[in-house]
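*Asks:* Next come a sequence and a model predicted from it.
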Amino acid sequence: MKKKKRKLKRPIKTLMLLFLAGIFLVVAGISFQMYAKNGGEKERKIYDVSIKEPTVSTASLVMVGDALIHGAVYEDAKTSNGYDFKPMIARIKPIVQNYDLKYYNQETILGGASLGYSNYPRFNSPQEVGDAFLDAGFNLVSLATNHTMDKGEQGVLNSMNYWKDKPAVSAGTYPSFEERDKERIYEINGIKYAFFSYTTWTNGLETPKGKEYLNNVYSDELAKKNIEAVRDKVDVVLVAMHWGTEYSLGVSSDQERIASYLSSLGVDIIIGSHPHVVEPIDYVGNTLVIYSLGNFISAQEGVEKLTGLLASVKINKTVNRGVSSISLTDLKAELLYTHYNSAIRDFEVYPYTQLSNTILPNYPTYYNRYKGVVQKLLGEQVEMPQL
């Protein structure tokens, strides 16, 4: 026997039909209003209350070149109770104060008085050099150079002991392999960054076998290991490279090769030193490359070697729907000049914009020459002041 279908009672059935009809009319009415409001065109909008407006964080970076402390420089800084290098860089201090990250290259080892101060070819500089740069606000220091081993292992250990408690991030020399390979992640204005320093030159002063951590000599393998360990954990990777050909205003093929390789690893900014003269600024892929900042302060001879570069860039981090991206803007550069008198005394670093013909005769001609070197590859993308 077939079961009979159960029928709804008429009042209940009628109420359900009326309810469904009401819903239909409401939906139809809303759709018609949207249709009319948009000129008869259909529109589909999805609202997600979790979506926020993009947020942007910025950090400014300024960079100067080599603190190459010849004997004449530290003798000029000598006082009755030590050394004072602060007056030598007093004109630069108010400029760098305007930036978040402030970089320089400590070319000569700060081995301290116990090892005896010395000049070329094996330098040892007073630690008051570091005091002056810290006073000026510098907080990023590259330590891997061809002069790192000038006073042997003890010189490096003395230098590291000086820097370890200072309000600055240093890189390039370490007390052990474990310390060299440790992941170091820093943060400024909500932007996470890593900082590495390497040298391609050692002047034949190799580190003791089994203690290669004392001076970070560049190899593709070491750079790959270091950078890949942090690349996905930071927003920005900075690499200081001691490379190139001394006194060459051009870029060597080795510099180009290394720059290309570091770019492939995801490095954002390469900061170059060692040539002791300025070299061009360029982009290699997405990597900003300052091939050489030249000397910041030294007792070398010739305008070419006494002219250095102060370069700056703004780092921008944009977070949109949980995805972050980095861009570099406001790329600027300014030429600097180290002046000393005929007695090789009274050292002072000047921006070229503060020079006169009394300090450097015919200085506009030199300015235009080295400005052309800096802008050679990127042209006016590198903003430089007019005299």
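*Replies:* Received it, and whenever you're ready, just let me know what you need.
*Asks:* On the strand side of things, show who the residue nearest to the spatial centre of the chain bridges to.
*Replies:* Centroid check for the chain by Cα atoms, centre = their mean gives residue 238 as the closest residue, at 4.8 Å. Beta-bridge partners recorded for residue 238 (DSSP bridges): residue 195, residue 269.
*Asks:* Okay, now the unreliable bits of this structure?
*Replies:* Scanning the chain with the threshold set as pLDDT under 70 gives 1-51.
*Asks:* now the helices: where do they sit in it?
*Replies:* Here the chain has its helices, by DSSP state H, at 10-37, 71-76, 93-96, 128-136, 152-163, 177-181, 220-230, 253-264, 303-306, 363-374.
*Asks:* how about the closest residue to residue 70 other than its chain neighbours, what does it touch?
*Replies:* Using Cβ to Cβ, 6 or more residues apart in numbering and skipping the chain neighbours, the partner closest in space to residue 70 is residue 299 (3.7 Å). Just so you know, the C-beta spots here come from the backbone N, C-alpha and C atoms, and that holds for glycine as well. Neighbour list for residue 299: 68, 70, 71, 72, 73, 340, 344, 347 [criterion: Cβ atoms under 8 Å, 6 or more residues apart in numbering].
*Asks:* Quick one: those as a markdown table, columns for neighbour count too.
*Replies:* Formatted as a markdown table, those follow (neighbours: other Cβ atoms under 10 Å):
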| residue | neighbour count |
| --- | --- |
| 68 | 27 |
| 70 | 19 |
| 71 | 15 |
| 72 | 17 |
| 73 | 26 |
| 340 | 18 |
| 344 | 15 |
| 347 | 23 |
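*Asks:* Just put the helices of the chain in a markdown table and tack on distance to residue 336.
*Replies:* Converted to a markdown table, those look like this (distance: least, Cβ to Cβ, whole Å):
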| stretch | distance to residue 336 |
| --- | --- |
| helix 10-37 | 62 |
| helix 71-76 | 15 |
| helix 93-96 | 10 |
| helix 128-136 | 13 |
| helix 152-163 | 24 |
| helix 177-181 | 32 |
| helix 220-230 | 29 |
| helix 253-264 | 22 |
| helix 303-306 | 9 |
| helix 363-374 | 10 |
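*Asks:* Residue 207 is nearest to which of those helices?
*Replies:* For residue 207, the closest of these is helix 152-163, at 7.9 Å, according to Cβ to Cβ.
*Asks:* Just want the angle from that closest one to helix 128-136.
*Replies:* Using axes from the mean of the first three to the mean of the last three Cα atoms, to 10 degrees, the direction of helix 152-163 lies 30 degrees away from that of helix 128-136.
*Asks:* The residue lying closest to residue 286 once chain neighbours are set aside: neighbour count?
*Replies:* Excluding the flanking residues, the one nearest residue 286 by Cβ to Cβ, 6+ apart is residue 263, at 6.9 Å. Using other Cβ atoms under 10 Å, residue 263 is surrounded by 18 other residues.
*Asks:* Wait, residue 263 touches residue 282, no?
*Replies:* No - judged on Cβ atoms under 8 Å, residue 263 makes no contact with residue 282 at a distance of 10.7 Å.
*Asks:* Touching both of the two, which residues are there?
*Replies:* Counting by Cβ under 8 Å, 6+ apart, nothing touches both residue 263 and residue 282.
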